[in-house]
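Colleague: Based on what follows, work out the 3D shape:
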Amino acid sequence: MVVPLPGIAPPGKAAQGTVISIRGHVVEVLFTEEKPRLYDLLYFKDDQSLFMEVFSSSSNDAFFCLALGSPALLYRGAKVIDTQKPVLLPVGKAMLGRIIDVFGRPLDQGLPIKPEGY
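Modeller: Purely as a prediction, here's the structure:
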C-alpha cells in the first residue's frame with residue numbers, strides 16, 4: 001500500500017516533465033513549461049511511490065534527478081510530476097521513538113504520525 005506524502009500536488013495542478021534519459025539512479029527530465037527548483041521532489045505519474053530529487057540542471061529545460069528508489073519501472077518518455085517542495089520530514093513529540101523512512105512515513109506499524117510541523 002502506498003502512503004501519500006503530505007502536500008503532494010495532484011497531477012493536473014503541478015508542472016509535468018518527461019524522462020529523456022536514465023543512467024542507473026540518475027534520471028534526466030525535460031520540463032518545457034514551469035521548471036522545477038533544485039531539491040524539488042518529483043514523482044513518476046504511473047507509480048506515485050517512485051520519487052526523484054532534482055540535483056542539477058543539464059540545460060535550460062533539462063534537469064538531472066536522483067531516483068530515491070528503484071528506477072526499474074521508469075522509461076524514456078515517462079511523465080513525472082513536480083511536487084514543488086523538497087523532501088519534508090515531520091517533527092515534534094509524535095516522532096520520538098518512531099521508525100520512519102526517508103520520506104517521513106512510519107515503518108514501525110504504530111499509529112499514524114500527527115506531526116507538529118515539517
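
Colleague: Would you mind confirming that residue 19 is in contact with residue 73?
Modeller: No. The criterion here is CB atoms under 8 Å, and residue 19 misses it with residue 73 at 10.9 Å. For glycine as for every other residue, the C-beta is placed from the backbone atoms N, C-alpha and C.

Colleague: of the two, who's got more company?
Modeller: Under the criterion of other CB atoms under 10 Å, the comparison of residue 19 against residue 73 puts residue 19 first, with 21 against 12.

Colleague: Pull up the gap between the more buried one and residue 91, please.
Modeller: Applying CB to CB, to the nearest Å, the value for residue 19 to residue 91 is 33 Å.

Colleague: same thing with residue 83?
Modeller: Look at residue 83 and residue 91: by CB to CB, they are 19 Å apart.

Colleague: Comparing those two, which shows the higher neighbour count?
Modeller: Per other CB under 10 Å, whichever of residue 83 and residue 91 has more neighbours is residue 83, with 20 against 12.

Colleague: who's in contact with the spatially closest residue to residue 62 that is not a sequence neighbour?
Modeller: Once flanking residues are discounted, residue 62 sits nearest to residue 30: 5.1 Å by CB to CB, 6 or more residues apart in numbering. Residues near residue 30 by CB atoms under 8 Å, 6 or more residues apart in numbering: 17-20, 61-62.

Colleague: which of these lies closest to residue 41?
Modeller: Nearest to residue 41 out of the contacts of residue 30 is residue 17 (CB to CB; 12.6 Å).
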